[in-house]
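1. Please work out how this folds:
(4 chains)
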There are 2 protein chains.
Amino acid sequence: MRIGELAARAGVSVRSLRYYEEQGLLTSTRSLSGQRHYTDDEVERVRLIQRMYGAGLSSRTIAEVLPCVDTPSEQNSDEAFERLVQERDRISRHIDELAEARDALDRLIEVNRVHRAQQLTPR
Amino acid sequence: MRIGELAARAGVSVRSLRYYEEQGLLTSTRSLSGQRHYTDDEVERVRLIQRMYGAGLSSRTIAEVLPCVDTPSEQNSDEAFERLVQERDRISRHIDELAEARDALDRLIEVNRVHRAQQLTPR
DNA sequence: CTTGCATCTGACGTCAATGTCAGGTCTTAG
DNA sequence: CTAAGACCTGACATTGACGTCAGATGCAAG
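-> Model prediction:
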């Protein structure tokens, strides 16, 4: 498929796909005229990449981790594997941080609910 | 206290505090010479602000919900209250998204562990 | 008084993922 | 064949929360 279809199927912009390629996260075969062509598998790959971006990984970090996706078990993925574990842990810590923030907002919400209820029934 | 002490106590940079003021998240009284002065309470306020930033709220959004911190129960905080609930929900959704990403990484880690184990004991 | 550190304002720099535009080529339906 | 729409490269624009620097002033200690 060409880049437009991949973009539509994976739910990202064409611009982003070109950027992923530039960052070494995605490869394409080129037609004689230079247009990018992709296989069906790339759809899932792009979705995974998106997920990693969503989890706060940078292009560089994703590139570092991708060997674990492409060639698990390779000796040369030692760094990649370590990085992968590292990022998983970072995400876990981030989740905890978010949970604390959510709890703080929940407390705020509760306080405000109480005050609002009082206002509705002043006596 | 002056800005340097507040920065140290709240664990942020002086630059950030000035920025928060610029964004309407923080106020200060000024000495005759124009220096900012803060009360002890501001330390907690800054920490709360930091938490909100950490949870992905923008300056604008934080400014919108702060009325719930400053004057809960006021009629005019209707919008603020709604926004607060909205953000709480957004954070919850983000947590779910992160959890999914973490699970994806966990699966990757598991696959790689297996392959690496095989390599260590080839026969 | 002066020396040195804190503070002030204002402005420009940063970083990363992506939007957007320009000017040109490719492909495909009719 | 032709027009429309997809695609190409290259480049500049954007956004937000700061970092950083310059030049000036304030303040506490010796």
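
2. Every contact and neighbour count from this point should use C-alpha atoms.
-> Noted.

3. Quick check: closest non-adjacent residue to residue A:113.
-> For residue A:113, ignoring the flanking residues on the chain, the nearest one in space by C-alpha to C-alpha, 6 or more residues apart in numbering or on different chains is residue B:73 at 7.8 Å.

4. what about that neighbour, neighbour count?
-> Here the number of neighbours of residue B:73 (other C-alpha atoms under 10 Å in any protein chain shown) works out to 22.

5. pLDDT at it, what is it?
-> Per-residue pLDDT puts residue B:73 at 74.

6. what's the answer for residue A:10, then?
-> Confidence score, pLDDT, at residue A:10: 97.

7. Next, the nearest residue to it once chain neighbours are set aside: secondary structure please.
-> Closest residue to residue A:10 apart from its sequence neighbours, by C-alpha to C-alpha, 6+ apart: residue A:43 at 5.4 Å. Per DSSP: H, G, I helix; E, B strand; the rest coil, the local secondary structure of residue A:43 is helix.

8. thought residue A:43 was touching residue A:11?
-> No - the pair residue A:43 and residue A:11 fails to qualify as a contact (C-alpha atoms under 8 Å) at a distance of 9.2 Å.

9. of these two, who's got more company?
-> residue A:43 (18 against 13).

10. From the contact counts, what lies against the top helix by length along chain A?
-> Under DSSP state H, the helix in chain A containing the largest number of residues is helix A:78-120. Secondary structure elements in contact with helix A:78-120, counted by 3 or more C-alpha pairs under 8 Å, 6 or more residues apart in numbering or on different chains; DSSP states H and E, are helix A:59-65, helix A:67-70, helix B:41-54, helix B:67-70, helix B:78-120.
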